[in-house]
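A.B. asks: how would this look folded up:
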Amino acid sequence: MPQPAKATRPKTTADAPESAAGTRAAAQRLKMRRELAAAAMELFSTKGYEATTVDEIAATAGVARRTFFRHFRSKEEAIFPDHDDTLVRAEAVLNAAPPHEHPLDTVCRGIKEVMRMYAASPSVSVARYRLTREVPTLREREIASVARYERLFTRYLLGHFDERDHHDGNDDPLLAEVAASAVVTAHNHVLRRWLRAGGEGDVEAQLDHAFAIVRETFGTGIPVGRATRGTVQEPARSGTPRERASTSAAGDERRVAVDAGDEVLVAVARTDVPLDDVMRTIERALKDRRG
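C.D. replies: Numbers count the residues shown, from 1 in each chain. Next up, the predicted model:
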């Protein structure tokens, strides 16, 4: 027997995505954190860091003490209100990266979110920089924040190597960690120079120059796209791979066969890896074997 059609309820404002409410709550939370941080900076500058209490920060911001502790665990934490949200934005950049973008370029775009955080309010950033130079506790807090970015970027770069090869004696994890550290170090070098200059200058151009140096130094050893798996047989000793290559695709794999006379070299890679990248990998393998 046919079932009666279900009545369609008209949409109302109550049907708005829950994410909209979550976005508003996050914006309000960040606004409150920034207001508390501004109050803390004002007091640290006038009274000194050690002489300032949490109660005074809360009172200056016009909120209760318990409100302060809903947002920060201590007064030194209040000096860096945006790092949690910036870390989320940096991770979002990594997650949304185009499949063929070089991973170091992606990481460099991710850490630019940190620079944008500082550049959004140069005067506050400069004052905070000067304060962290004077107060060891704040300096330690800043170092801990930097370490979180390095761990995020290291995990991302490691994803571009074959996880089965992450064993003792393999250099992939070392390269990922050193490259991630180099990106963060380059960013921090430019950031400190910009802050010492009072927040003046084209910091974006300075960053791009620093990142180009990192890319040139570390980029060739990190695969583009996610980890590829392949097998190599003994190649021929003459000609170039590009002149003798043929390709075929099946499912999510691409096979690249290179005619080597009486032998054939075959590489298997994901279809979302550009052919030029596959061929460069083959050429490097041939060069290594001939060396």
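A.B. asks: With only the CA atoms kept, save stretch 38-52 in CSV.
C.D. replies: Below are the C-alpha coordinates for stretch 38-52, written out as CSV (Å, rounded to 0.1, in the frame of the first residue of the first chain):
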residue,chain,number,x,y,z
ALA,A,38,44.5,44.8,26.0
ALA,A,39,43.8,45.5,29.7
ALA,A,40,46.7,43.3,30.7
MET,A,41,49.1,45.1,28.3
GLU,A,42,48.0,48.5,29.6
LEU,A,43,48.6,47.5,33.2
PHE,A,44,51.9,45.8,32.4
SER,A,45,53.1,49.0,30.7
THR,A,46,52.1,51.3,33.5
LYS,A,47,52.5,49.2,36.6
GLY,A,48,55.0,46.6,35.5
TYR,A,49,54.4,42.9,34.9
GLU,A,50,55.2,41.7,38.4
ALA,A,51,53.1,44.3,40.2
THR,A,52,49.9,43.6,38.1
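A.B. asks: Identify the residues contacting that stretch?
C.D. replies: 56-58, 60-61, 75, 78-79, 124, 127-128, 131, 134-135, 137-138 (Cβ atoms under 8 Å, 6 or more residues apart in numbering). Backbone N, C-alpha and C define where each C-beta goes, glycine included.
A.B. asks: Return the members of those classed as buried.
C.D. replies: Ile57, Ala58, Thr60, Ala61, Lys75, Ala78, Ile79, Ala127, Arg128, Leu131, Val135, Leu138 (16 or more other Cβ atoms under 10 Å).
A.B. asks: Do me a favour and get the end-to-end distance for stretch 58-68?
C.D. replies: Stretch 58-68 has an end-to-end distance of 6 Å (Cα to Cα, to the nearest Å).
A.B. asks: any idea of the mean pLDDT in it?
C.D. replies: Averaging pLDDT along stretch 58-68 yields 93.
A.B. asks: got the buried residues for it?
C.D. replies: Ala58, Thr60, Ala61, Val63, Phe68.
A.B. asks: Redo those as TSV? Include distance to Leu158 and secondary structure.
C.D. replies: TSV is the format used below for those (distance: Cβ to Cβ, whole Å; DSSP: H, G, I helix; E, B strand; the rest coil):
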residue	distance to Leu158	secondary structure
Ala58	42	helix
Thr60	44	helix
Ala61	41	helix
Val63	42	coil
Phe68	38	helix
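A.B. asks: Which of those residues sits closest to Leu207?
C.D. replies: Ala61 (32.8 Å; Cβ to Cβ).
A.B. asks: and that closest one, what is it in contact with?
C.D. replies: Residues in contact with Ala61 (Cβ under 8 Å, 6+ apart) are Glu35, Leu36, Ala38, Ala39, Phe68.
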